[in-house]
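> Next come a sequence and a model predicted from it.
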There are 2 protein chains.
Amino acid sequence: MFSDKHKAAGVCYPQGFTAAGVRAGIKKNGNLDVAVIYTQKEAAVAGVFTKNLVAAAPVHLSKIVVGTGTAHAVVANAGCANACTGEQGIRDAEAMATITANELSCRQDDVIVASTGLIGSNIPMDKMTSGIKDAVKNLSREGSVNAGNAIITTDTYSKACATEVTIGGVEVRFGAIAKGSGMIRPDMATMLCFITTDADIDQKLLQEALRDATEVSFNCMTVDGDMSTNDSVVVLANGAAGNKKIVDKSADYQTFYETLKTICIELAKRIAADGEGASKFLTINVTGAESFADAKKVGMSVANSFLVKTALFGQDPNWGRTICAVGYSGVKLVPEKISIKFGDILTYAQGCGVKFDVEAMKKVLAAHDVTIDIDLNLGNDSATVWSCDTNYASVKLNADYTT
Amino acid sequence: MFSDKHKAAGVCYPQGFTAAGVRAGIKKNGNLDVAVIYTQKEAAVAGVFTKNLVAAAPVHLSKIVVGTGTAHAVVANAGCANACTGEQGIRDAEAMATITANELSCRQDDVIVASTGLIGSNIPMDKMTSGIKDAVKNLSREGSVNAGNAIITTDTYSKACATEVTIGGVEVRFGAIAKGSGMIRPDMATMLCFITTDADIDQKLLQEALRDATEVSFNCMTVDGDMSTNDSVVVLANGAAGNKKIVDKSADYQTFYETLKTICIELAKRIAADGEGASKFLTINVTGAESFADAKKVGMSVANSFLVKTALFGQDPNWGRTICAVGYSGVKLVPEKISIKFGDILTYAQGCGVKFDVEAMKKVLAAHDVTIDIDLNLGNDSATVWSCDTNYASVKLNADYTT
């Protein structure tokens, strides 16, 4: 589905969207750090945000914007999270919206604001003001790559994708940029994701689709188990495609939802694969669960285990740590019914380890992509979660982040 | 209280206990690996065990022994966890009890069995049989140090302590040995702890005292967030001190409980400080909570945060990760009311970071022992939890454990 043909087009692949990313001097390294995404045609907006009670100022603000149901723009920056910044933080986030709104001649409550970076610093508003003005001047149909690069922090690359689908005989396009590398775990991550679409869809359905898609994508991945203060996923749907408006859970809605979900899963996988310091990408398939929630809980317990993640780095066939993490997941299960495979190699069944071909196992663990299949053999529900290894680089990156 | 004068006496400090630790060849490195602790006078027994649903065979067996209310002996080994070993595992654990019981002329259900080490391997029963026989032959009042060394795995030292207290005018003694280094987290850890006392106490009260003491000690520490399959804490109380039997929640019970609690906290702190690869010891005091459970939850959320633990290693004053981990702890709180101190330096209050003396902070973070105080300012309950840093050595130790 993702030919990557339109990846560079990103959030500007759907009709009616422009974007820009500029250098405002907020990132210490002088890279791009302020992004604006704009749709002249008013868009229905939906958003899901961090559940961390210590949420950053822009999260509080953007929730209000989503509450209005519509938006014209997103303004985002990296290099400063504007979290734990009190009243000043709220004023700064509001100012970001106001400046953007003035430049774009839209209402302040039409502007989604997002920040990522170090917690506890204030936004340098002089730099931000010039940055926003500069970005708005540079808005273009070719601006997605720069916008994507302006929101990354410790990511080694910007995550982007774009695709199209036919809804009611009309081509509808989707595009997205995302960032996230550290402080990543279920119920959102230190991640930002902006999705654009020219689909015409009712705002309430858009919110429902985003919530459901997030649950099986961004909420099913982990890097380090830490849930950030700034996580935001926002969709703008401007209706420019001219499809018959999606107003109920029709076949059109299903097509829309499946496409949105595929995009979210694709980006979630890329974020996990690019976890801070990661050298391996881990997919955990949990089947035979009594519910999706159970399956996800088991998967996330394994995906967050320091011992599983370091063993993955060491290419160590330590299935014992996997079954151990399954056992403490908090899900009701019968150890003797569970089976665990590394790749296609059975390692645990009927309560015991299973003798396996050591050479074949070495090959499975030497690969960049490793899959662990866990069958609980209790029911018919399943979940897939994504993670990465923990290694020296993960420690190094996090041992001296602020200094 | 812990003069360490009686540390070497350990589990043999109370009257009527003997112990031994021998080399049976179960550990690959040839170190001591089988321990026996014995009391000729029947002891009341209490135990708390891992809540991991994938519990090891000896855990299942020892729960039954605790259920009988009395015990004469503990047999334990390191080097093989006898976990995920199915029916054979149960038979092996039973055989360990039977052999010990035969050698000591007591009943099989008077023998607590515990194992620690690699998950998924079977006990080499020929080596185990000779080991147990050898240990029983070597039982002595000087055997605690060897017993302690026989139960350690990746620990860099054996944890032991001993103390005495006056109950009803009579000197009552306590002694303990413990192990635990990796796979350590609340609700027990990959830890074994055997506590002896010559106090005379009702078995039900003994169990209650142990459960309460565990809650504020072993269940309040973490190394890597993984809960093991083998965790067991067992107390034997043989009554040899001749105190008036404790049969209700009298002042004598309180004295007994406080002493037991102090021992458990002391050992929990030593286990956290000796976490796999640890170079720093972290104490987190959470105050102003609406309940102990809330305070503990907040503390453990911080104590388990990969980002907090790597920042501690890096001596990085990253209080943002601390407040972030407080925010996602799942406890109801008001961010603006919280204050956070590193040592005695205020870093966060009223929703914002607080400017601090950088040189003074460097000194706080350069120390081996670091304390973080978190005041939720909501209620009157508190909890203290213990953790350690995560560093290159923690990764290395866990990246190639089985290979």
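The structure has been received and is ready for your questions.
> As a quick check, tell me the outermost residue of chain A.
Centroid-distance maximum for chain A: residue A:355 at 38.3 Å, with Cα atoms, centre = their mean.
> host element of that one?
Taking DSSP states H and E as the definition, residue A:355 sits outside all helices and strands.
> swap in residue A:262?
Using DSSP H and E, residue A:262 sits within helix A:251-273.
> got the contact list for the least confident helix or strand in chain A by mean pLDDT?
Within chain A, confidence by mean pLDDT, DSSP states H and E is lowest for helix A:392-399 among all helices and strands, at a mean of 75. Here helix A:392-399 makes contact (Cβ atoms under 8 Å, 6 or more residues apart in numbering or on different chains) with A:154, A:182, A:224, A:275-279, B:306-307, B:310-311, B:313-314, B:316, B:390-392, B:394-396. Bear in mind the C-beta positions are built from the backbone N, C-alpha and C, glycine included.
> and the stretch 51-200 of chain A, which of its residues are near chain B?
Residues of the stretch 51-200 of chain A lying close to chain B by Cβ under 8 Å from any Cβ of the partner chain are A:51-55, A:81, A:83-89, A:118-121, A:182-183, A:187.
> Give me the ChimeraX select line for these, limited to the buried ones.
Buried members of those, defined by 16 or more other Cβ atoms under 10 Å in any protein chain shown, are picked up in ChimeraX with:
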select /A:52,53,54,55,81,83,84,85,86,89,118,119,120,121,182,183,187
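> Now find how far off-centre stretch A:208-216 is within its chain.
12 Å (Cα atoms, centre = their mean, to the nearest Å).
> what's in contact with that stretch?
A:46-48, A:188, A:195, A:201, A:233, A:235, A:253, A:256-257, A:260-261, A:263-265, A:292, A:383-384.
> mind running it again at 6 Å?
Contact with stretch A:208-216 is made by A:46, A:48, A:233, A:235, A:257, A:260, A:261, A:264, as judged by Cβ atoms under 6 Å, 6 or more residues apart in numbering or on different chains.
> And those, which is closest to chain B?
residue A:48 (15.3 Å; Cβ to the nearest Cβ).
> Report pLDDT for the closest one.
You'll see residue A:48 listed with a pLDDT of 90.
> With only the CA atoms kept, save the least confident helix or strand of chain A in CSV.
Below are the C-alpha coordinates for helix A:392-399, written out as CSV (Å, rounded to 0.1, in the frame of the first residue of the first chain):
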residue,chain,number,x,y,z
TYR,A,392,24.4,0.7,25.2
ALA,A,393,23.3,3.4,22.8
SER,A,394,19.8,3.6,24.5
VAL,A,395,21.6,4.2,27.8
LYS,A,396,24.1,6.6,26.4
LEU,A,397,21.4,8.7,24.7
ASN,A,398,19.4,9.0,27.9
ALA,A,399,22.3,9.3,30.4
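> how does chain A divide up, domain by domain?
Following the assignment in automatic domain parsing, chain A carries domains at A:10-273, A:281-399.
> can you redo these as JSON lines with distance to residue B:42?
Below are these laid out as JSON lines (distance: least, Cβ to Cβ, whole Å):
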{"stretch": "domain A:10-273", "distance to residue B:42": "46"}
{"stretch": "domain A:281-399", "distance to residue B:42": "34"}
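> Buried deepest among the ones you listed, which one?
Sort those by mean neighbour count, taking mean count of other Cβ atoms under 10 Å in any protein chain shown, and domain A:10-273 sits at the top with a mean of 23.
> Tell me the span between the first and last residue of it.
19 Å (Cα to Cα, to the nearest Å).
> give me every residue that touches residue A:388.
A:223, A:272, A:275, A:278, A:281.
> and stretch A:160-179, how far apart are its ends?
9 Å.
> Give me the distance from that stretch to the chain's centre.
With Cα atoms, centre = their mean, you get 17 Å for stretch A:160-179.
> Same check on stretch A:258-272?
8 Å.
> Please apply the same query to stretch A:203-222.
The mean C-alpha position of stretch A:203-222 is separated from the chain mean by 10 Å, Cα atoms, centre = their mean.
> Repeat that for stretch A:20-27.
Chain-centre distance of stretch A:20-27: 22 Å, with Cα atoms, centre = their mean.
> Now that stretch - C-alpha only, CSV.
Extracted in CSV, the C-alpha atoms of stretch A:20-27 (Å, rounded to 0.1, in the frame of the first residue of the first chain):
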residue,chain,number,x,y,z
ALA,A,20,6.6,24.5,5.8
GLY,A,21,9.5,23.8,8.2
VAL,A,22,12.0,26.5,9.1
ARG,A,23,15.0,27.2,11.4
ALA,A,24,14.0,29.4,14.3
GLY,A,25,17.0,28.7,16.5
ILE,A,26,15.1,26.8,19.1
LYS,A,27,17.0,23.5,18.6
